[in-house]
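**Q** Based on what follows, work out the 3D shape:
(chains A, B, C and D)
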There are 2 protein chains.
Amino acid sequence: MVKCSEEEVRVANVSMRDVAALAEVSHGTVSHFLNHPDRVSAKTAQRIQRAIETLGFVPNQAGRQLRMGKSATIAYIAPDVSNPFFATIAEGAEERAAEHGLSVFVANSRRQRAREDAYLDLFEQHRVRGMLVASHEPIEDRLALVRKRGTPSVLMGQVAVSEDQPSVSIDDVLGGRLAAEHLLQLGRRRIAFVGGPLGVRQVADRLQGASDAIRESGSATLEVVNVVERTVAGGRAVARELLARAAAVRPDGVFAVNDLLGLGMMQVLSSEGVRVPDDLALIGYDDIEFAESSIVPLSSIRPPHEAFGYAAIELLVTELSGRTEDPHQVFPPALVPRTSTTGEPIHTDV
Amino acid sequence: MVKCSEEEVRVANVSMRDVAALAEVSHGTVSHFLNHPDRVSAKTAQRIQRAIETLGFVPNQAGRQLRMGKSATIAYIAPDVSNPFFATIAEGAEERAAEHGLSVFVANSRRQRAREDAYLDLFEQHRVRGMLVASHEPIEDRLALVRKRGTPSVLMGQVAVSEDQPSVSIDDVLGGRLAAEHLLQLGRRRIAFVGGPLGVRQVADRLQGASDAIRESGSATLEVVNVVERTVAGGRAVARELLARAAAVRPDGVFAVNDLLGLGMMQVLSSEGVRVPDDLALIGYDDIEFAESSIVPLSSIRPPHEAFGYAAIELLVTELSGRTEDPHQVFPPALVPRTSTTGEPIHTDV
DNA sequence: CTGAAAGCGCTAACAA
DNA sequence: TTGTTAGCGCTTTCAG
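**A** So this is what the prediction gives:
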């Protein structure tokens, strides 16, 4: 594969055989040099090294993988890469994976089940070592199938039903409760839950927690404002709907199912003269980095971020190594009160 | 590789040969069925299809790639996945890549040159079809090497020096000028440029544009506040430094080299009672989604987002197909004035 | 310490 | 229409 002119020796598609030829050894020896350098004599090693450099040899993973049967890659399928929440998780996962000598490839499903499936296929075909799958869809059966064929995975963001399916998740029922109790404690009585679709597990759980808290209080009402897109734009749209109502029938406390929605609402409410939190207290969920720098700093429910990705990798590695611990890790979220509910200006002393 | 019990037929590592055996055809025929279905008779096709399903066969990309020499994957190496700017670019790239039947894997270099190199290696070893590389480092020589060995790339965010290296970039000098001129027009005279390191091309260009505009005005001064981390936390730190100064020697206009910095500054300034823009006008760069929902909506310089990723893929595909057009695309950024400079509340009528 | 050889799963040219 | 075959680049066992 090597065309050897005088000056220009580096050429595409250099294989171990080419290196071997130039170094005047067999290609098996080159492989030894690469994988067990100790089994090769110093001077042969040197010759091989020089040949590699001269030719610009880059080992072909496909060959290696084919021979070895497995790759050293982990796939992370996220519903929305532009949501900083998932990006931060990715960073935690990557870091831990690197410590295990594994690389992480990130794929963006854009919340579409079809794209999730496509990536699941793709990564399965690539024989990745394992997958981290953050999804808002019911995807466990699919993962069971993939697992049966040899690719393990960790479900992220929802507790798996099956014992065989490891998962890392947030206690979203608790999170919803924390948000609602916070609003109640501040004296809010007409509370709205903004989020949807309710078929999404995470959404349903948060609503349930909120709903429980409000029922127990006995003194407040919960309105559900269903929403299709849990994005900043979606939040703006909801706020406009609220503004179209007479002030008396607007909620005085809003729990947005994620920060993106909360931030979008905040934007429109503020620009239209609604005072947050005086007229309307607002709390989000996820505690993304930008919640704190919002028009009015946004109260939120904080799940672990980096730790979440970290834990997922740990679980995956555990599974890969055959050991088996508790496969369902559930993290408790924490309330982060800020101006958008408390009215108190915050001080950032970090 | 298939262990065939009565009930449990699906097993890991099913190859085309296993499928062929069960369907009682040769493995070549299975390959035909997969790649040229028309060349296979209806009933054989059916038998093969059934065998595939029974066994849960998933084709092994490593084998295919080894044979074909190339994969159908594009790599996108980004400096910071949690910066929504890069995430949005990724979405544009993905979309266009899908239209060409290509998949995109995203890797996060976390602004570390060592990690960039590691991923470059990794993807080269995987023989990806091409790479999109967004970097703040001088990386062109490295990409030239990679190209010479057969993997083309598109440099994103800085104009390539070499004719052979396609690039997609923003006119950052113009962007810097727009930001500074905007502050000047609003009557600001003690202007600070917050950003760094100056060795980073994008940073240097933005500073140059700002500096040019200010020199031309003849009536304002430009102070450079160097910064190591272009993050929200970095912005907070700078703001605290500014607050430590006597009010008279604080700048009255700040151009932050990206929105993350601007948002971090805004947070601290606001919480400490500095009025934006009355006491200090603030403009960022990148126009990320959260700029608009900031404490005070943040003015920014807007590069194209999705279009950027889209253009990069186009350029890459062009190169792959051997055609050659103008390899250096430079997009002009636009000023997006918001409350943080103009003082006017914004209305969101989208 | 080095070489020879087999085979991982796949595709495609060619033969039947 | 289907089967046979060679070989992509690599690792590893076994001999030398």
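
**Q** Can you get me a residue count around the closest residue to A:Thr88 other than its chain neighbours?
**A** Using Cβ to Cβ, 6 or more residues apart in numbering or on different chains and skipping the chain neighbours, the partner closest in space to A:Thr88 is A:His305 (4.3 Å). C-beta coordinates here come from the backbone N, C-alpha and C atoms, glycine included. Neighbour count of A:His305, defined by other Cβ atoms under 10 Å in any protein chain shown: 21.

**Q** wait, what's in contact with the residue nearest to the spatial centre of chain A?
**A** Nearest to the geometric centre of chain A sits A:Phe86, at 3.5 Å (Cα atoms, centre = their mean). A:Phe86 makes contacts with A:78-80, A:134, as judged by Cβ atoms under 8 Å, 6 or more residues apart in numbering or on different chains.

**Q** And the contacts of the helix or strand where A:Val317 lies?
**A** Element membership of A:Val317, judged by DSSP states H and E, is helix A:306-320. Helix A:306-320 is contacted by residues A:74, A:76, A:88-97, A:100, A:102, A:129-130, A:132, A:152-154, A:156, A:166, A:168, A:170, A:304, A:324-325, A:327, A:329, A:331 when judged by Cβ under 8 Å, 6+ apart.

**Q** on that earlier part again, pLDDT score assigned to the residue nearest to A:Thr88?
**A** We have a pLDDT of 88 for A:His305.

**Q** how about the strands in chain A?
**A** A:73-78, A:103-108, A:130-134, A:153-156, A:167-170, A:190-195, A:221-226, A:253-256, A:281-283, A:300-302, A:328-331, A:334-336 (DSSP state E).

**Q** Can you check what angle separates the third one from helix A:306-320?
**A** Between strand A:130-134 and helix A:306-320, the angle formed by their directions is 140 degrees, by axes from the mean of the first three to the mean of the last three Cα atoms, to 10 degrees.

**Q** thinking again about what came up before, who are the contact partners of the residue nearest to A:Thr88?
**A** Contacts of A:His305 (Cβ under 8 Å, 6+ apart): A:85, A:88-89, A:92.

**Q** Chain A - how does it break down into domains?
**A** Following the assignment in automatic domain parsing, chain A carries domains at A:6-59, A:71-170+A:305-331, A:172-303+A:336-342.

**Q** A:Ser293: what's it in contact with?
**A** B:232, B:263-264, B:266-267, B:290, B:294-295 are the contacts of A:Ser293 under Cβ under 8 Å, 6+ apart.

**Q** Next: A:Arg111.
**A** Counted by Cβ under 8 Å, 6+ apart, A:Arg111 has contacts A:79-80, A:136.

**Q** let's see it at 10 Å
**A** A:78-80, A:83, A:135-137, A:200, A:229-231 (Cβ atoms under 10 Å, 6 or more residues apart in numbering or on different chains).

**Q** gap between it and chain B?
**A** 12 Å (Cβ to the nearest Cβ, to the nearest Å).

**Q** Helices of the stretch 51-200 of chain A, start to end?
**A** For the stretch 51-200 of chain A, the helices defined by DSSP state H, counting those that start in this stretch occupy A:61-68, A:84-99, A:113-125, A:140-148, A:172-185.

**Q** What is the burial count for A:Gly273?
**A** With other Cβ under 10 Å as criterion, A:Gly273 counts 9.

**Q** I misspoke; the intended subject was A:Leu174.
**A** Neighbour tally, A:Leu174, other Cβ under 10 Å: 18.

**Q** And A:Leu186, by the same measure?
**A** 17.

**Q** do the same with A:Gln49
**A** Neighbours around A:Gln49, by other Cβ under 10 Å: 14.

**Q** Please tell me I have it right and it contacts A:Val25.
**A** No. Using Cβ atoms under 10 Å, A:Gln49 makes no contact with A:Val25, being 11.7 Å away.

**Q** tell me, what's touching these two both at once?
**A** Between them, A:Gln49 and A:Val25 share the contacting residues A:19, A:33, judged by Cβ under 10 Å, 6+ apart.

**Q** follow-up on the earlier one: return the member of the contacts of A:Ser293 nearest to DNA strand C.
**A** B:Phe290 (44.3 Å; Cβ to the nearest atom of the strand).

**Q** what residues are up against that closest one?
**A** Neighbours of B:Phe290 in contact, by Cβ under 10 Å, 6+ apart: A:84, A:232, A:259-260, A:263, A:267, A:288-291, A:293-294, B:84, B:232, B:259-260, B:263, B:298.

**Q** Tell me how far it lies from A:Pro332.
**A** As judged by Cβ to Cβ, to the nearest Å, B:Phe290 and A:Pro332 stand 27 Å apart.

**Q** Likewise for A:Glu95?
**A** Distance from A:Glu95 to A:Pro332, by Cβ to Cβ: 22 Å.

**Q** hmm, back to that, so for B:Leu280, which of the domains of chain A sits nearest?
**A** domain A:172-303+A:336-342 (15.8 Å; Cβ to Cβ).

**Q** Run the chain-centre distance for the closest one.
**A** 22 Å (Cα atoms, centre = their mean, to the nearest Å).

**Q** okay, now A:Val330: neighbour count?
**A** A:Val330: 13 surrounding residues under other Cβ under 10 Å.

**Q** That one is in contact with A:Met156, isn't it?
**A** No. Using Cβ under 10 Å, A:Val330 makes no contact with A:Met156, being 11.8 Å away.

**Q** Now for these two: what residues contact both?
**A** A:167-170.

**Q** Give the bridge partners for A:Asn226, please.
**A** A:Gly195 (DSSP bridges).

**Q** per-residue pLDDT, A:Gly56?
**A** For A:Gly56, the model assigns a pLDDT of 93.

**Q** looking at it, it is touching A:Leu22, isn't it?
**A** No. Using Cβ under 10 Å, A:Gly56 makes no contact with A:Leu22, being 11.6 Å away.
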